[in-house]
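Student: Sequence and predicted structure, then a few things I'm wondering about:
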Amino acid sequence: MIIMSVDFGDSRTGIAVCGKSELIASPVTVIQEKDFDKCIEKTAELAKEQRAEEIVVGYPKNMNGTIGERCEKCQLFAEKLEAMTGIPTKLWDERCTTVSAHNYLNDTNTRGKKRKAVVDAVAAVIILESYLGYRKNNQGQI
């Protein structure tokens with residue numbers, strides 16, 4: 001199944017996708033958009049271009065497991081995206097993905113403008129890899 005992941009942000013939204021084999025998550029792009037509804041529209045266009053059969057939106061719970069304002073905004077984003085595309089959309093716990101993305105970029109010595117341009121796409125890859133790992137290990141429960 002082709003699955004697309006979204007690391008939604010107020011200014012930049014990272015997008016990643018995996019092919020039907022569900023083996024490798026690859027970065028697609030970072031959407032530079034501050035308008036909430038326009039960001040949903042651009043994300044919907046990408047989902048159609050990528051032929052996504054499922055969309056996973058990062059759900060940034062607090063470290064203690066509670067949800068806050070950011071989670072609510074991501075939930076609204078996911079709901080509107082699913083309504084616009086008709087593609088099943090799930091929320092996926094993304095605690096610490098941006099920190100992990102920065103760590104990966106440190107390991108590859110990616111700095112400056114290039115780092116800012118890709119960190120959200122890398123975070124989307126991490127979200128998707130986590131989700132794919134869950135699917136692989138819980139096939140009978142999905």
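Tutor: Received it, and whenever you're ready, just let me know what you need.
Student: Now do the strands in this protein.
Tutor: Chain-ordered strands for the chain, with DSSP state E as the definition, fall at 3-7, 12-18, 25-32, 54-59, 89-93.
Student: Now tabulate the ones you listed in CSV and tack on mean neighbour count and mean pLDDT.
Tutor: To be clear about C-beta, it is placed using only N, CA and C from the backbone, and glycine gets the same treatment. As requested, these are arranged in CSV below (neighbours: other Cβ atoms under 10 Å; pLDDT from 0 to 100):
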stretch, mean neighbour count, mean pLDDT
strand 3-7, 29, 97
strand 12-18, 25, 95
strand 25-32, 18, 94
strand 54-59, 24, 96
strand 89-93, 18, 93
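Student: now those strands in JSON lines, with distance to residue 45?
Tutor: Rendered in JSON lines, the data for these read as follows (distance: least, Cβ to Cβ, whole Å):
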{"stretch": "strand 3-7", "distance to residue 45": "12"}
{"stretch": "strand 12-18", "distance to residue 45": "11"}
{"stretch": "strand 25-32", "distance to residue 45": "10"}
{"stretch": "strand 54-59", "distance to residue 45": "13"}
{"stretch": "strand 89-93", "distance to residue 45": "15"}
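Student: wait, which of those is closest to residue 48?
Tutor: In terms of Cβ to Cβ, the element of the strands of the chain nearest to residue 48 is strand 3-7, at 10.0 Å.
Student: State the paired neighbours of the closest one in the sheet, together with their directions.
Tutor: For strand 3-7, the paired strands and their directions (DSSP bridges) are strand 12-18 (antiparallel), strand 54-59 (parallel).
Student: can I get these in a markdown table with distance to residue 126?
Tutor: What follows is these, written out as a markdown table (distance: least, Cβ to Cβ, whole Å):
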| stretch | distance to residue 126 |
| --- | --- |
| strand 12-18 | 8 |
| strand 54-59 | 9 |
